[in-house]
Structure formats: C-alpha cells, structure tokens
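*Asks:* What follows is a predicted structure for the sequence shown.
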Amino acid sequence: MLPLAVMTAIVMLVGWFPLTSIWHQQSELNTTRAQLNAVINQQHALTLQAKALDSKAAARLLAREQYQLVSPGQSLIQVLPGLGSSTQSAGDPGLQPLVAPSSVSLLATAAPKTTLHHSATHAFFSRLVRTLEFWR
C-alpha cells in the first residue's frame, strides 16, 4: 500500500504542477490576445478616420464645425440667442435661429455696469498694504 501511495504522489507532483502553470499561462495569453485585438481594432478605426480627414474639404469642414474657423477673406459672425431661450446648441453658430431685432436692446441693457468709487490715494494705500503684508 505504501509503494502505491508514493507512486500516486509522484504522478500527482509531476502531472499536476506543470499543468496548473500551463493553464495559468494560457489564461494570461488569452487576456493579452484580447487586449491586442482591441488595440488593433482601435488602430484600424483611427486609420480610417485619418484617411477620411485627409482631404482639404474634410479639414475645412472640421475647422468650421468644431473650431468656428473661417477661410481667409471671410468673417465669422455669431448671433446670440434671445433672453427667453435657455438651450445652448454646440456646433456651427450659423445653424442657430436668428435673434429678433427687438430683443437686442434688452441684451444691451441687461449687461452689468461696474463703477469705481475708489479714490486714487485709497487705491495706492491698499496696494501698498497688500504688497507689505508679507512682513506680518
């Protein structure tokens, strides 16, 4: 009975330990292969995108839509939405609805007015105190 137990232990040691390491290595290889396939798919998508943006017309369209750039000799005019509209649409400002001329006067009066009530000597001393505050 003892020789049979020893033989079984040897077979288990020889057979089991290499098989578990091979199994773990295979699972790591599968994970790495999946990551590599994801990177290859992403590279393929970026290559297609680069080919699509390779023409001058596509570059102009991208510059117009995303960066509000215009060709030389053109000027970009942005029309602000009215006071009642709360939606902000991204993209080309030329596609936004026009503002009614009657609401332009409301936009001009709604701007905050700032006035300075500080005298020149008071401003000088406050700047001097802030400059010398590091002595405290």
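*Replies:* Cool, got the structure.
*Asks:* Next, count neighbours for Asn41.
*Replies:* 10 (other C-beta atoms under 10 Å). Using the backbone N, CA and C atoms, a C-beta is placed for each residue, glycine as well.
*Asks:* in what helix or strand does it lie?
*Replies:* Under the assignment given by DSSP states H and E, the secondary-structure element containing Asn41 is helix 2-52.
*Asks:* Now do the buried residues in the very next helix or strand once past that helix.
*Replies:* Using DSSP H and E, the helix or strand that directly follows helix 2-52 along the chain is helix 56-67. Along helix 56-67, these residues count as buried under the neighbour rule (16 or more other C-beta atoms under 10 Å): Arg64.
*Asks:* chain center to helix 56-67: distance?
*Replies:* Chain-centre distance of helix 56-67: 19 Å, with C-alpha atoms, centre = their mean, to the nearest Å.
*Asks:* In this structure, where is pLDDT below threshold?
*Replies:* Screening the chain residue by residue with the criterion pLDDT under 70, one finds the ranges 82-93, 103-120, 134-136.
*Asks:* distance of the residue nearest the centre of it from Arg33?
*Replies:* Taking C-alpha atoms, centre = their mean, the centroid of the chain lies closest to Gln66, which sits 13.3 Å from it. Summarising the geometry, the distance separating Gln66 from Arg33, computed by C-beta to C-beta, to the nearest Å, is 36 Å.
*Asks:* And for Pro72?
*Replies:* According to C-beta to C-beta, Pro72 stands 51 Å off from Arg33.
*Asks:* Ala59 now?
*Replies:* Going from Ala59 to Arg33 by C-beta to C-beta gives 37 Å.
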